[in-house]
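sequence isn't available, so here's the structure alone:
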């Protein structure tokens with residue numbers, strides 16, 4: 001594994017990673033999917049494959065904080081419906097990582113970010129137009145759940161970028177803010193923990209990556225606290241616009257690097 005250790009990272013690079021870790025905590029308790037910016041930063045500072053392994057434990061730390069904050073608002077029938085399809089997507093993503101080298105993964109992360117940005121923009125327009133989202137108990141609803149589940153599993157395994165996919169699904173299914181946050185918190189905690197053996201087996205998580213995680217995890221906590229404070233005050237539409245712009249810039253940077 002080509003993971004950078006602390007002593008190979010400059011002060012500015014560590015500051016960028018720390019800011020990205022802060023945003024991980026914020027995204028977990030305020031705006032799910034905003035950590036696509038963190039993904040772009042980690043992939044820009046670290047080797048692309050290694051960045052996914054370093055970021056995963058930080059995401060799990062944020063997931064734990066989100067579950068502690070919104071545990072009473074999870075909708076378990078939705079979670080149980082999604083998990084089989086997500087598991088299939090994780091397996092496909094693992095096979096892809098076995099085949100892909102660092103260059104392919106870097107380009108894939110950039111392309112995934114652009115795809116997720118397009119998905120987010122489409123979701124915003126679709127939700128505005130929908131008067132009654134598809135019920136998850138209908139055939140169309142079950143097909144939609146499976147489709148998003150597979151895509152979410154693949155993108156979260158390859159690039160830790162399943163947030164926008166699940167955000168689109170949960171919002172289109174009619175979840176309100178607290179139900180959305182509680183359901184996504186448990187979803188990503190379970191999925192990200194399940195990814196650990198796959199990532200370790202691929203060499204993406206090792207002693208060096210965990211050393212860097214130990215230095216960065218302290219920044220996740222204040223981010224989560226800020227997110228909890230801001231969730232009832234934040235201008236959601238403006239923030240999503242900022243996230244979209246930053247994500248596009250980060251994706252283009254990865255593709256042109």
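Thanks, I have it. Because the structure is a prediction, the values reported are computed rather than measured.

and the helices in the protein, which stretches?
11-29, 36-45, 48-70, 76-99, 102-129, 139-159, 163-172, 177-201, 207-230, 236-256 (DSSP state H).

confidence score at residue 186?
Per-residue confidence (pLDDT) for residue 186: 94.

and for residue 240?
In this prediction residue 240 is given a pLDDT of 61.

and residue 163, what does it touch?
27, 32, 33, 34, 35, 36, 116, 156, 184, 188 (Cβ atoms under 8 Å, 6 or more residues apart in numbering). All C-beta spots, glycine's among them, are computed from the backbone N, C-alpha and C.

got a list of what residue 193 touches?
Contact analysis of residue 193 by Cβ under 8 Å, 6+ apart lists residue 60.

and it, how far from residue 93?
16 Å (Cβ to Cβ, to the nearest Å).

just residue 40 next, same as before
18 Å.

who's more crowded, these two?
Between residue 40 and residue 93, counted using other Cβ atoms under 10 Å, the more crowded position is residue 40 (26 against 21).

per-residue pLDDT, the more buried one?
Looking at residue 40, its pLDDT stands at 83.

next: the one 10 residues further on.
Model confidence at residue 50, expressed as pLDDT, equals 86.

what's the neighbour count on it?
Residue 50 has 25 neighbours, counted by other Cβ under 10 Å.

thought it was touching residue 206?
No: using Cβ atoms under 8 Å, residue 50 makes no contact with residue 206, being 9.4 Å away.

how about residue 30, phi and psi?
phi -130, psi -60 (degrees, to the nearest 10).

from residue 184, how far out is it?
Separation of residue 30 from residue 184 (Cβ to Cβ): 11 Å.

and if you look at residue 210?
Distance, residue 210 to residue 184, by Cβ to Cβ: 25 Å.

so for those two, which residue has more residues nearby?
For residue 210 versus residue 184, neighbours defined as other Cβ under 10 Å are more numerous around residue 184 (26 against 14).

now for residue 77, how many residues are close by?
10.

and it, how far from residue 194?
For residue 77, the distance to residue 194 - Cβ to Cβ - is 19 Å.

let me see the contact set for the nearest residue to residue 108 once chain neighbours are set aside.
Leaving aside its sequence neighbours, residue 108 sits nearest to residue 158 (Cβ to Cβ, 6 or more residues apart in numbering; 6.1 Å). Shown in contact with residue 158 (Cβ under 8 Å, 6+ apart): 52, 93, 96, 97, 105, 108, 109, 112.
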